[in-house]
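J.: got a predicted structure here, sequence first:
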2 protein chains.
Amino acid sequence: MRTRNYSKKREAILAKIRSTTTHPTAEWVYQELKPEYPDLSLGTVYRNIGLFKEGGEIVSVGTVAGQERFDGNVAPHGHFVCRICRAVIDFDDPVERSEAATHLEDIGHRAERVDVTAYGICKVCLEAA
Amino acid sequence: MRTRNYSKKREAILAKIRSTTTHPTAEWVYQELKPEYPDLSLGTVYRNIGLFKEGGEIVSVGTVAGQERFDGNVAPHGHFVCRICRAVIDFDDPVERSEAATHLEDIGHRAERVDVTAYGICKVCLEAA
DNA sequence: CATAAAACAAGAATAATTCCTGTTTGTGAA
DNA sequence: TTCACAAACAGGAATTATTCTTGTTTTATG
């Protein structure tokens, strides 16, 4: 039985993703960690992010402006995406996920997650306009 | 005042997207129309899809397996994404979008759309397992 | 210590999407 | 109808996020 080996860089990548609510890209994580880990490679960030997704330690919140965004907070909550500045902002959505999930089970599918994503213009961009 | 010029290919692209509930990719639309329009180019498909998104005639349902998927049905409804076969399936979600939208307005954002996307394993893939 | 699997850096490869150039087509006005 | 000009286009090059490959290093274990 093979196990996942320890890796300091992996630990740092997960901690970095968990340290923010900005829903970063792989590239951002790489740039953030580069100073402390000068020999970090972008491939390592991608590979570990893949492992985290598989293991349910992080979740993808979708692709915004061509780049995948990640969330270290795996508790169910909504995401608001600003179409001006591309910010992804958490919000406390009032959605009953179990209802949607039950509905899907009723028609034969197995629902493992229900995401709520809203699109529009964020507060900051509205005020700047 | 410039207006959008008529284009037979554009019309065909929109009709093709509206003709299915499979939430196709740009590539699929291109392959489907190629026989009837042998000189169609993929760039034209992408360009017109961009115009349709801008004009609200279609909507993106996100990126699945690296490819953006589109929906010609712009009425609010949920999408279920199978993580095995990558199918995107419409479903009638029980979500009160106006509640979520109001909540977002309350905290200063302008919500233009609220999407509900579920992930899991579809009926077909479950039965095949 | 010795071995084997896992993790890695560096960079090449892949592939979806966008952009550029020269040409053709649609449209509104004369 | 003809003209002028913007819009649309094909074809292909460019861009770029992500994945993959290779050779090396690290981790865990007996």
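T.: Received, thanks. Numbers count the residues shown, from 1 in each chain, chains lettered A, B, ... in the order given.
J.: residues in contact with residue A:124?
T.: Going by Cβ atoms under 8 Å, 6 or more residues apart in numbering or on different chains, residue A:124 touches A:82, A:85, A:87. (Glycine included, C-beta is placed from N, CA and C.)
J.: and the last one, how far from chain B?
T.: According to Cβ to the nearest Cβ, to the nearest Å, residue A:87 and chain B sit 10 Å apart.
J.: what number of residues lie near the closest residue to that residue other than its chain neighbours?
T.: The spatial neighbour of residue A:87 that comes closest, neighbours along the chain excluded (Cβ to Cβ, 6 or more residues apart in numbering or on different chains), is residue A:122 at 5.6 Å. By the criterion of other Cβ atoms under 10 Å in any protein chain shown, residue A:122 has 24 neighbours.
J.: equivalent analysis for residue A:54, please.
T.: Residue crowding around residue A:54 was assessed by other Cβ under 10 Å; the count is 9.
J.: so where does it fall, helix or strand?
T.: Residue A:54 is part of helix A:42-55, with elements assigned from DSSP states H and E.
J.: so which bits of that helix are buried?
T.: For helix A:42-55, a neighbour-count test (16 or more other Cβ atoms under 10 Å in any protein chain shown) marks A:44-46, A:48-49, A:51-52 as buried.
J.: export these to a markdown table and tack on distance to residue A:32 and pLDDT?
T.: As requested, the buried residues of helix A:42-55 are exported to a markdown table (distance: Cβ to Cβ, whole Å; pLDDT from 0 to 100):
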| residue | distance to residue A:32 | pLDDT |
| --- | --- | --- |
| A:44 | 13 | 98 |
| A:45 | 10 | 98 |
| A:46 | 15 | 98 |
| A:48 | 14 | 98 |
| A:49 | 13 | 98 |
| A:51 | 19 | 98 |
| A:52 | 16 | 98 |
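J.: near chain B at all, the helix holding residue A:54?
T.: No - contact between helix A:42-55 and chain B, assessed by Cβ under 8 Å from any Cβ of the partner chain, is absent, since the two come no nearer than 10.9 Å.
J.: and the helix or strand following that helix, which strands flank it?
T.: The C-terminal neighbour of helix A:42-55 among helices and strands, as given by DSSP H and E, is strand A:59-64. The pairing partners recorded for strand A:59-64 under DSSP bridges are strand A:67-71 (antiparallel).
J.: can you give me the angle the strand it pairs with makes with helix A:42-55?
T.: Between the axes of strand A:67-71 and helix A:42-55, defined by axes from the mean of the first three to the mean of the last three Cα atoms, to 10 degrees, the angle is 50 degrees.
J.: please see if strand A:67-71 touches DNA strand C.
T.: No - counting by Cβ under 7 Å from any atom of the strand, DNA strand C has no neighbours in strand A:67-71; the shortest distance is 11.4 Å.
J.: ok, then the element right after that strand?
T.: strand A:78-82.
J.: summarise which helices and strands the helix or strand that that following strand is followed by is packed against.
T.: Next in sequence after strand A:78-82, counting helices and strands by DSSP H and E, comes strand A:88-91. Helices and strands touching strand A:88-91, by 3 or more Cβ pairs under 8 Å, 6 or more residues apart in numbering or on different chains; DSSP states H and E, are strand A:78-82, helix B:97-106.
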